[in-house]
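> what would the 3D arrangement of this be:
(2 chains)
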Amino acid sequence: MKSLEELKKIREEAKKNLELRETGKNVRVVVGMATCGISAGARPVLQAFIDEVSKRNLTNVQVVQTGCIGMCANEPIVEVTAPDQEKVTYIHMDVDKVKRVVAQHLVQGMAVKEYTIGHAE
Amino acid sequence: MAIYRSHVLVCGGTGCHSSKSDEIKRKFEEKIKEMNLDNEVQVISTGCFGLCEEGPIVVIYPEGAFYSRMQINRVDRIVEEHLYKGRIVKEFLYEESIEADQIIPLSDVDFYKKQKRVALKYCGVIDPENINEYIANDGYMALGKVLTEMTPDQVIDVIKDSGLRGRGGGGFPTGLKWSFAAPNEADQKYIICNADEGDPGAFMDRSVLEGDPHCILEAMAIAGYAIGATKGFVYVRAEYPIAVQRLQIAINQAKTMGLIGKNIFETGFDFEVEIRLGAGAFVCGEETALMASIEGQRGMSRNKPPFPAVSGLFGKPTIINNVETLANIPQIILNGADWFRSFGTEKSPGTKVFALGGKINNTGLVEIPMGTSLREVIYDIGGGCPNGKAFKAVQTGGPSGGCITADYIDTPIDFDTLTELGSMMGSGGMIVMDEDNCMVDIARFFLEFTVEESCGKCTPCREGTKRMLEILERIAEGKGTLEDLDKLEKLGNNIKNTSLCGLGQTAPNPVSSTLKYFRDEYEAHVIDKRCPAGVCQSLLNYYIIDTCRGCTKCARQCPVKCIDGKVKELHVIDQDKCIKCGACMEACPFDAIIKK
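Predicted coordinates:
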């Protein structure tokens, strides 16, 4: 350690891992991780969300898991909730779709309609 | 640096450690590896969460799920359900953290709601053995700030303005203390962190060292810069092995990163820290005895002046601050004196950590703004006395403090109010007593402790406390007289006024305060030869009541054959022969033997 600047750099880097422990975040990405979700590929989806969110420094976003929602045929299912917005449910998610959801929905605030459950129906 | 999707925080404080939290942590690691989750889930050992009653504690983020009273055989299910499938195992959660089937944030749980964590801010939040987690929370930024932006005088002024007072018990203004040492010219000055936490029942200093050791190192370096010291010692008792180990790891990490050592932040400021282990003598918490101990001499106090700020360790100007005091320093530097003054009372700003123990539901560590009432601490945070028993008194300040009765339960807690009530803040031990506690017995317990721990240098403390204890023992045996009560008062006053150091000066407090508030209880022992709480063994008698079926079990158990009676008839105890061993009471299947 030479200077205060270096310490600040280490701090920014170290912060990313600790963001996880702050529960007061307002946007939640909930990934269905029951047996059905996992077998349909929810695990890479979850990991992709975490990677993308930390890459883009989205400090207000919390990525959590949940159990079976009951629509196993549509797994992997991801729900995004944000204050003052209706819950958005994405179905048949994969890693590429995650990137778009993060870029368009979490960053710009516009849901990716074609991936949502409403669009499929 | 790897990013994990989930963190499993296992409490590694001494309390949870003693109920095998280390094995629980190992089991988590094994199971997580077995399920191939070790790249996604990180297991971390933290410092104390404070709610020791519910330990061992495990908190899983990002959900913030608070698993209490963990057992090794629950780990498999939590990993399989929660970490793998995302289904929180609700039945293992701390009851109070669920409301209407939803997990509520820990900060909203009764135990934490009224707390304000400054000294304990990162205990149970970060991994104490990983300096990066401290740095992520602005660690060492305060040191960087003082070294690059402030003069030593400015640092002292901020601490003075904050109104921070010594948390070790004395309550002396910290900034003022520093300003005494700063102007003294010397080739070497020292900073000592007093971690010789000796009060039975107090464990906040241990928890800070275990949970957030870097904040102490940072604060010591800041203090060193303020007074011109380049060397620091942490005097910690050897009976705190986890604290010592984590502190040593912290020192090594800080040294490796150049955050302590030579030329810190290229400012030319040097600061070294070393650990000195104490053997656990209570008197070594007194600053002059502590310094004698570091110097390699017998731990005995000496007269003041000269004060340590003038002539301390090895005859050099020295500042000694308690662990909790130091834990406040980095945050005061970062947030300013006004921020610190925004909670607490005018004369006692900030917060204080208390170790809640005794007859209380939520045993543990709580940090509250000064000025919070005893009622809030005992009922709202502590959850009141167990089994619906009536609250009787609370003992604050350990062997140096006194008892505060139910009449004063709405007193706001700060340094001055407690002293007015004949008790003291002390290091913050808070032992709650209910109707089953005998005050004579409590006073005797604490006095026994001081008699043991008196260093023996001055006569009032060495002889006086011993005589007081003898009188108390006499009273507990039913051989006391009314004159004994006056003697206790007089002797207590003499010891207070003539002892050399704080140990003797405060030793009579437990006796004088109980004598003041519970004189009737003392009189019951002396006049009626009766112990109202049913504690003092010599004053109790065993009786057989008429639910006795005459099974003869008690008579067969009695070692002195003092129970008489025929089969299927009421038995009787011969009070003259009875040695009050209680064997009959244990043997009776009908609860027909009572003690009163």
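> tell me the SS of the residue in chain A that chain B sits nearest to?
For chain A and chain B, the shortest gap (CB to the nearest CB) falls at A:Gln65, measuring 2.5 Å. Where you see a C-beta, it was placed from the backbone N, CA and C, and this is true even at glycine. At A:Gln65, secondary structure determined by DSSP: H, G, I helix; E, B strand; the rest coil is strand.
> quick check: pLDDT value at it.
pLDDT for A:Gln65: 83.
> mind listing the residues bridging to it?
Taking DSSP bridges as the rule, A:Gln65 bridges to A:Val31.
> OK, contacts around it?
A:Val30, A:Val31, A:Gly32, A:Met33, A:Leu46, B:Lys85, B:Gly86 (CB atoms under 8 Å, 6 or more residues apart in numbering or on different chains).
> now for the second one, how many residues are close by?
Pointing back at A:Val31 there. Neighbourhood size, A:Val31 [other CB atoms under 10 Å in any protein chain shown]: 28.
> that one against A:Pro44, yeah?
No: using CB atoms under 8 Å, A:Val31 makes no contact with A:Pro44, being 10.5 Å away.
> burial measure for A:Ser3, as a count.
Neighbours around A:Ser3, by other CB under 10 Å: 14.
> hmm, I typed the wrong one, I wanted B:Lys487.
15.
> from memory it sits against B:Glu470, does it?
No: the pair B:Lys487 / B:Glu470 is not scored as a contact, 10.4 Å apart, by CB under 8 Å.
> what comes into contact with stretch B:372-381?
Residues contacting stretch B:372-381 (CB under 8 Å, 6+ apart): B:110-111, B:113-115, B:354, B:356, B:360, B:362, B:366, B:368, B:384, B:391, B:394, B:404, B:408-413, B:430, B:432.
> do the same with stretch A:39-56
A:16, A:19, A:29, A:31-33, A:61, A:63, A:65, A:72, A:75-78, A:93-95, A:98-99, A:102, A:106-107, B:3-5, B:40.
> filter those to the buried ones?
A:16, A:19, A:29, A:31-33, A:61, A:63, A:65, A:75-78, A:93, A:98, A:102, A:106, B:3-5, B:40 (16 or more other CB atoms under 10 Å in any protein chain shown).
> what about chain B, any weak spots by pLDDT?
For chain B, applying pLDDT under 70 flags the ranges B:1-2.
> swap in 80 and give it another go.
B:1-3, B:100-103, B:105, B:596 (pLDDT under 80).
> which strand is the longest one in it?
When chain B is parsed with DSSP state E, its longest strand is strand B:269-278.
> now the helices: where do they sit in chain A?
A:4-18, A:35-39, A:42-55, A:95-100, A:117-120 (DSSP state H).
> quick one: the first one near chain B?
Yes: counting by CB under 8 Å from any CB of the partner chain, contacts between helix A:4-18 and chain B involve A:Leu4, A:Leu7, A:Lys8, A:Ile10, A:Arg11, A:Glu13, A:Ala14, A:Lys15, A:Lys16, A:Asn17, A:Leu18.
> right, and the last one touches B:Asp138 too?
No: between A:Leu18 and B:Asp138 no contact is recorded; they are 11.4 Å apart, counting by CB under 8 Å.
> now pLDDT too, for the residues of helix A:4-18 next to chain B, in a markdown table please.
Listed next are the residues of helix A:4-18 next to chain B as a markdown table, based on pLDDT from 0 to 100:
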| residue | pLDDT |
| --- | --- |
| A:Leu4 | 88 |
| A:Leu7 | 91 |
| A:Lys8 | 91 |
| A:Ile10 | 90 |
| A:Arg11 | 91 |
| A:Glu13 | 85 |
| A:Ala14 | 85 |
| A:Lys15 | 84 |
| A:Lys16 | 77 |
| A:Asn17 | 76 |
| A:Leu18 | 81 |
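> from those, which two are the most distant?
A:Leu4 and A:Asn17 (21.6 Å; CB to CB).
> checking B:Lys177 next. Helix, strand or coil?
Under three-state DSSP, the three-state class of B:Lys177 is helix.
> wait, it touches B:Asn322, no?
No: shown here, B:Lys177 and B:Asn322 do not form a contact pair, counting by CB under 8 Å, at 11.1 Å.
> list residues touching both of the two?
Common neighbours of B:Lys177 and B:Asn322, counting by CB under 8 Å, 6+ apart, are B:Gly166.
> no further questions, thank you.
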